[in-house]
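Student: below are the sequence and a predicted model for it; my questions follow.
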Amino acid sequence: MWLFSRKGPSGFSASSTAEDVTQEIDATGLTAIVTGATSGIGIETARVLALRGVHVVMGFRNMEAGKEIKETILRNNSTAKIDMMELDLSSMESVRKFTSQFNSRSLPLNILINNAGIMATPFKLSKDNIELQFATNHIGHFLLTNLLLETMKQTAIKQKKEGRIVNVASRRHKLSYSEGIRFDKINDESGYNSLSAYGQSKLANVLHANELARYL
Ligand SMILES: NC(=O)c1ccc[n+]([C@@H]2O[C@H](COP(=O)([O-])OP(=O)(O)OC[C@H]3O[C@@H](n4cnc5c(N)ncnc54)[C@H](OP(=O)(O)O)[C@@H]3O)[C@@H](O)[C@H]2O)c1
């Protein structure tokens, strides 16, 4: 139990809620994109960002489910500024369409939360012939980030505020294949292990975040 209540350097613990950690923050004027907001961590992130005044754009592959989430958030917070746009992270075509539509709206972008994910799925290739967990969890978010980076940089310059890119990883990044990322075998069914492949995609999320931090 202590693991949940032990506070880290931020002053928060594993049992702190999204509302706890954003208490008294007025984030009016900021814009965020949250992926995977039909369920779990994504819904709560979108809900609480909106509660703090952020304009939240939720990327959904299932627009029907998305509509329900949007209505639920609005029912409890009628002033929430939330939009939904179609986004299937397992398809590069869909990611390109999403970013081109977003960028054409001339909105600012302060925060990008790369949250959507699938876990331990049976072997399958994406539309682009990439192993599905790697395609969804890493490649889709990698492309999304690259295609939004210029908008984020321009927003940061214009508003004189640093942006934030959050890759939602997992402690399972430590449990990838023994060689780390199997660069030459990512799309091979032979030797596929659904949990190691999940770990591999989460390790890629961590490496991506480290490199962004170094680069930016
Ligand atoms: N829950 C945990 O204990 C835990 C622990 C460590 C890390 N994480 C990480 O936290 C993140 C969120 O996890 P969660 O437990 O909240 O997951 P979840 O409840 O299963 O929700 C996953 C979200 O990702 C979306 N998604 C899946 N594939 C997608 C695609 N191709 N395109 C667009 N959206 C897609 C789902 O949308 P649909 O409704 O369309 O399926 C859903 O909104 C994941 O990255 C996960 O790896 C979770």
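Tutor: That came through, no problem. Because the structure is a prediction, the values reported are computed rather than measured. Numbers count the residues shown, from 1 in each chain.
Student: use CA for all of it now, contacts and neighbours both
Tutor: Will do.
Student: the ligand contacts on the chain?
Tutor: 36-42, 60-62, 87-90, 115-118, 136, 168-170 (Cα under 6 Å from any ligand atom).
Student: rerun at 5 Å
Tutor: The chain comes close to the ligand at residues 36-41, 61-62, 88-90, 115-117, 170, as judged by Cα under 5 Å from any ligand atom.
Student: in strands, which of the residues you listed appear?
Tutor: Counting by DSSP state E, no part of those is found in strands.
Student: are any of those residues buried, and if so which?
Tutor: Buried members of the residues of the chain next to the ligand, scored by 16 or more other Cα atoms under 10 Å, are Gly36, Ala37, Thr38, Arg61, Asp88, Leu89, Ser90, Asn115, Ala116, Gly117.
Student: bridged to the residue sitting nearest the centre point of the chain, which residues?
Tutor: Geometric centre of the chain, nearest residue: Asn114, 1.4 Å, by Cα atoms, centre = their mean. The partner list for Asn114 in beta bridges (DSSP bridges) reads Asn167.
Student: and it, what's its pLDDT?
Tutor: We have a pLDDT of 98 for Asn114.
Student: please shift the residue numbers so they start at 2 in all later answers.
Tutor: Yes, from this point I'll number from 2; that puts the last item at Asn115.
Student: which stretches of this structure form helices?
Tutor: Ranges of helices in the chain, per DSSP state H, are 3-6, 19-23, 41-52, 64-77, 93-105, 133-134, 141-160, 195-216.
Student: with mean pLDDT as extra columns, can I get these in CSV?
Tutor: Converted to CSV, these look like this (pLDDT from 0 to 100):
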stretch, mean pLDDT
helix 3-6, 75
helix 19-23, 96
helix 41-52, 98
helix 64-77, 97
helix 93-105, 98
helix 133-134, 98
helix 141-160, 98
helix 195-216, 98
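Student: out of these, which is the most enclosed?
Tutor: Of all the helices of the chain, helix 133-134 has the most neighbours on average by mean count of other Cα atoms under 10 Å, namely a mean of 29.
Student: so what's the residue of the chain most remote from its centre up against?
Tutor: What lies farthest from the middle of the chain is Ser191; by Cα atoms, centre = their mean that is 29.3 Å. Not one residue lies near Ser191 by Cα atoms under 8 Å, 6 or more residues apart in numbering.
Student: kindly report the same for Ile131.
Tutor: Counted by Cα under 8 Å, 6+ apart, Ile131 has contacts Ile187, Asn188.
Student: how about the CA coordinates for stretch 186-194, as CSV?
Tutor: Listed next in CSV are the C-alpha coordinates belonging to stretch 186-194 (Å, rounded to 0.1, in the frame of the first residue of the first chain):
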residue,chain,number,x,y,z
LYS,A,186,12.2,-8.3,-37.2
ILE,A,187,9.5,-5.9,-36.1
ASN,A,188,7.0,-7.2,-38.6
ASP,A,189,7.9,-10.9,-38.3
GLU,A,190,5.3,-13.3,-37.0
SER,A,191,8.0,-15.9,-36.1
GLY,A,192,9.1,-15.4,-32.5
TYR,A,193,6.3,-12.9,-31.9
ASN,A,194,5.4,-12.6,-28.2
